[in-house]
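Visitor: Can you look at this prediction? I've put the sequence above it.
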Amino acid sequence: MTVSGPIPESGVGQADGGAGPDIAFDAFARGQRRALVALAWTLTGDVGAAEDVAQDALHATWQAWDRGGGIRHPEAWARQVVANRAVDRVRRAGRERRALGLVGARPDPTVDLPTTDHEFWDAVRALPARQAQAIALHYLEDRPVAEIAEILGCAPATVKVHLHRGRRALAAALAPETEEGSR
């Protein structure tokens, strides 16, 4: 998926007249925004939520950056924030749907994006959170296992397990039906 459009101009990078670490962060934010939105969309399935999650991740990164630049790997930091906030967003949306169901209201329909991979990404979103995150980082962003481990805060062997289990679950979920109707 390609997310396009101009990067909105905000106050980020303007705090001290555009000098110093704010210039570096501004360049970082401009360079990472689209990838963060794509990762968030992969994990949430909603463009609006993905934009919000990516913006939250950039804001959290900027706050940590502003405290003296203590982030060793800002790309990994931002992606970890996206992964965590996307999971929170999906869980909150599920709770809201259940609550609305209890009172008889109908939630707003989600936006369907035109994509040939819609079924695949729906299946990815149905995986357990860490498997979905590992699959998205590996296949959407083409990240190696070591980087995924750093982003998710776990061991490379754990990432390999998440990828293996995720692939196996996706293969089962996306396998064509046989003539008997079983998978």
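Guide: Here it is on my side, so go on.

Visitor: Tell me the buried residues in the helix ranked longest in the chain?
Guide: Longest helix in the chain, counting residues (DSSP state H): helix 74-103. Using 16 or more other Cβ atoms under 10 Å as the burial criterion, the residues of helix 74-103 that qualify are 74-87, 89-90, 93. The way it works is simple: take the backbone N, C-alpha and C, and place the C-beta from them, glycine included.

Visitor: next helix or strand past that helix?
Guide: Toward the C-terminal end, the helix or strand that comes next after helix 74-103 (DSSP states H and E) is helix 118-126.

Visitor: Quick one: list the elements packing against that next one.
Guide: For helix 118-126, the packing partners by 3 or more Cβ pairs under 8 Å, 6 or more residues apart in numbering; DSSP states H and E come out as helix 21-44, helix 129-135, helix 156-174.

Visitor: buried set for stretch 147-167?
Guide: 147-152, 158-159, 162-163, 165-167.

Visitor: Now the two most distant members of those.
Guide: Maximum pairwise distance among these (Cβ to Cβ): 20.9 Å, between Glu150 and Arg167.

Visitor: got the buried residues for whichever strand or helix holds Gln63?
Guide: Assignment of secondary structure by DSSP H and E places Gln63 within helix 47-66. Residues of helix 47-66 classed as buried by neighbour count (16+ other Cβ under 10 Å): 47, 49-58, 60-62, 64-65.

Visitor: Restricting to C-alpha, output that helix in CSV.
Guide: C-alpha atoms of helix 47-66 as CSV (Å, rounded to 0.1, in the frame of the first residue of the first chain):
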residue,chain,number,x,y,z
VAL,A,47,-6.8,4.9,7.3
GLY,A,48,-8.1,7.5,9.8
ALA,A,49,-6.9,5.5,12.7
ALA,A,50,-3.6,4.9,10.9
GLU,A,51,-3.0,8.6,10.4
ASP,A,52,-3.8,9.2,14.1
VAL,A,53,-1.5,6.4,15.3
ALA,A,54,1.3,7.6,13.1
GLN,A,55,0.9,11.1,14.4
ASP,A,56,0.9,9.9,18.0
ALA,A,57,4.1,7.9,17.3
LEU,A,58,5.8,11.0,15.8
HIS,A,59,4.7,13.1,18.8
ALA,A,60,6.0,10.6,21.3
THR,A,61,9.2,10.3,19.3
TRP,A,62,9.5,14.1,19.3
GLN,A,63,9.0,14.3,23.0
ALA,A,64,11.7,11.8,23.6
TRP,A,65,13.9,13.5,21.0
ASP,A,66,13.4,16.9,22.7
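
Visitor: the inter-axis angle of that helix versus helix 21-44?
Guide: 150 degrees (axes from the mean of the first three to the mean of the last three Cα atoms, to 10 degrees).

Visitor: Please name every helix or strand in contact with helix 47-66.
Guide: helix 21-44, helix 74-103.

Visitor: Ok, which of those comes nearest Arg130?
Guide: Across the helices and strands packed on helix 47-66, closest to Arg130 is helix 74-103 (Cβ to Cβ), at 8.6 Å.
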